[in-house]
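>>> Below is the sequence, then the predicted model.
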Amino acid sequence: MITALAETFPLRNPFTISRGSKTEARVVTCSITRNGHRGWGEGLPYPRYGETVEDSIAAILALPEAISRPALQQALPPGAARNAVDCALWDLEAKASGTPVWKLAGLAQPKPVEIAFTLSLDTPEAMRAAAARQAHRAVLKVKLGTPADMARIEAVRQGAPRVRLIVDANEGWTPEIYTELAPYLIRLGVEMVEQPLPQGADDMLAEIARPLPVCADESAHDAASLPGLLGRYDVVNLKLDKTGGLTEALRAKGEARRLGLKVMVGCMISTSLSMAPAILVAQGADWSDLDGPADMAQDRANPVTYDDRHIHPALPQLWG
């Protein structure tokens, strides 16, 4: 039996990027029950990619009851719906076999992963204060993408003078802004910038110098999308909601390495059920941004745990 339902998880604080703010995460939870065993997974449909919760649920419920992981890759396109089902099938196989997902996938036993903690877009003063509160972290990911970005990143550096920094422009820059800001960001110790130009309008990245490494987020989806990024991007951000699940995320990670691209593993604002499989992909990644549930007022039972610098592998009571 396959079920899918919408669930809403409120945030403690509004999360703001250049495209807007959100105060809750509305996710799709898929459960698959076979022979007395139940597996589950989660996807977060993203309007930026034309996804809705309702369409995702309908797509899941239209699948054959006996769908397999290989068949699923052809039955649904990459996206949140396939992610929820794919991860549920992995979890189901682990529970039915008594073997953890990492071993089923031929991976090494997962270890804690150093992650970036995200600073929401705000005024420079508010971002300086937020950075000071998070200055004990290993890495901060700073949301940018507006005309006031230089003041914001300088304020963050003042608030957290020793932390490593990456920035995410969320498609909010032009080639001219990147060229102007890159030297200053490098001087401030920024290691890379995510998606400075809009998807579909990023060809200029191949024409300009990229002294600050550029990471594809909205422009990178599954493994098939990666060869087309060569010459424009240096890093790819792999999110299971974009790849369509753990199966394709692992394949995309291997393809990125083959192409000489660095790898970041990211997430949407979602619960610990989404983080559990992403932690497996994040093993050995160059950067990881898996703080999706860190500011949730409510999370799943048996949630993943964080320390000042890391996310820890999920308990089998949660997933896998």
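All right, it came through fine.

>>> Residue 279 and residue 148, how far apart?
Note on residue 279: its distance to residue 148, by C-beta to C-beta, to the nearest Å, is 35 Å. To be clear about C-beta, it is placed using only N, CA and C from the backbone, and glycine gets the same treatment.

>>> How about residue 37?
The value you get for residue 37 to residue 148, if C-beta to C-beta is used, is 52 Å.

>>> more neighbours, residue 279 and residue 148?
Counted by other C-beta atoms under 10 Å, residue 279 and residue 148 do not tie: residue 279 has more neighbours, with 26 against 12.

>>> For the more buried one, give me phi and psi.
With angles defined as degrees, to the nearest 10, residue 279 sits at phi -60, psi -30.

>>> show me the contacts for it.
By C-beta atoms under 8 Å, 6 or more residues apart in numbering, the residues touching residue 279 are 110, 113, 290, 304, 311, 313-314.

>>> What are the boundaries of the strands in the stretch 151-300 of the chain?
With DSSP state E, counting those that start in this stretch as the criterion, the stretch 151-300 of the chain has strands at 164-168, 190-194, 214-216, 235-238, 262-265, 287-288.

>>> measure residue 67 to residue 92 for me?
Distance, residue 67 to residue 92, using C-beta to C-beta: 11 Å.

>>> More neighbours: these two, which one.
The residue with more neighbours, out of residue 67 and residue 92, is residue 92; 21 against 17, by other C-beta under 10 Å.

>>> Not counting residues beside it along the chain, what's closest to the more buried one?
residue 39 (2.8 Å; C-beta to C-beta, 6 or more residues apart in numbering).

>>> What ranges does the stretch 151-300 of the chain have for its helices?
175-187, 240-243, 246-259, 272-282 (DSSP state H, counting those that start in this stretch).

>>> what secondary structure does the residue nearest to residue 92 sit in?
Following DSSP: H, G, I helix; E, B strand; the rest coil, the label given to residue 39 is strand.

>>> List the contacts of the residue in the chain sticking out farthest from the centre.
For the chain, the residue at maximal distance from the C-alpha centroid (C-alpha atoms, centre = their mean) is residue 35, at 32.6 Å. Residues near residue 35 by C-beta under 8 Å, 6+ apart: residue 96.

>>> mind running it again at 10 Å?
92, 96 (C-beta atoms under 10 Å, 6 or more residues apart in numbering).

>>> where does it land on pLDDT?
Residue 35 is assigned a predicted lDDT (pLDDT) of 96.

>>> And residue 13, by the same measure?
The model's pLDDT for residue 13 equals 80.

>>> same question, residue 18
59.

>>> do the same with residue 295
For residue 295, the model assigns a pLDDT of 88.

>>> Now do the contacts for it.
Contacts for residue 295 (C-beta under 10 Å, 6+ apart) come out as 11-15, 117-118, 120, 269.

>>> show me where pLDDT drops low in the chain?
Residue ranges of the chain with pLDDT under 70: 16, 18-20.

>>> ok, how many other residues are close to residue 187?
Around residue 187 there are 9 residues (other C-beta under 10 Å).

>>> And for residue 24?
15.

>>> I'd say it and residue 10 touch.
Yes: assessed by C-beta atoms under 10 Å, residue 24 is found in contact with residue 10 at 4.8 Å.

>>> Can you tell me how far the residue farthest from the centre of the chain is from residue 192?
In this view, residue 35 and residue 192 are 46 Å apart by C-beta to C-beta.

>>> again with residue 233
As judged by C-beta to C-beta, residue 233 and residue 192 stand 10 Å apart.

>>> Mutual contacts of those two, please.
With C-beta under 10 Å, 6+ apart as the test, residue 233 and residue 192 both reach 210, 213-215, 262.

>>> top of the residues you listed by neighbour count?
residue 215 (28 neighbours).

>>> For it, give me its contacts.
Contact partners of residue 215, counting by C-beta under 10 Å, 6+ apart, are 166-168, 191-196, 229, 233-237, 261-264, 266, 286-287.
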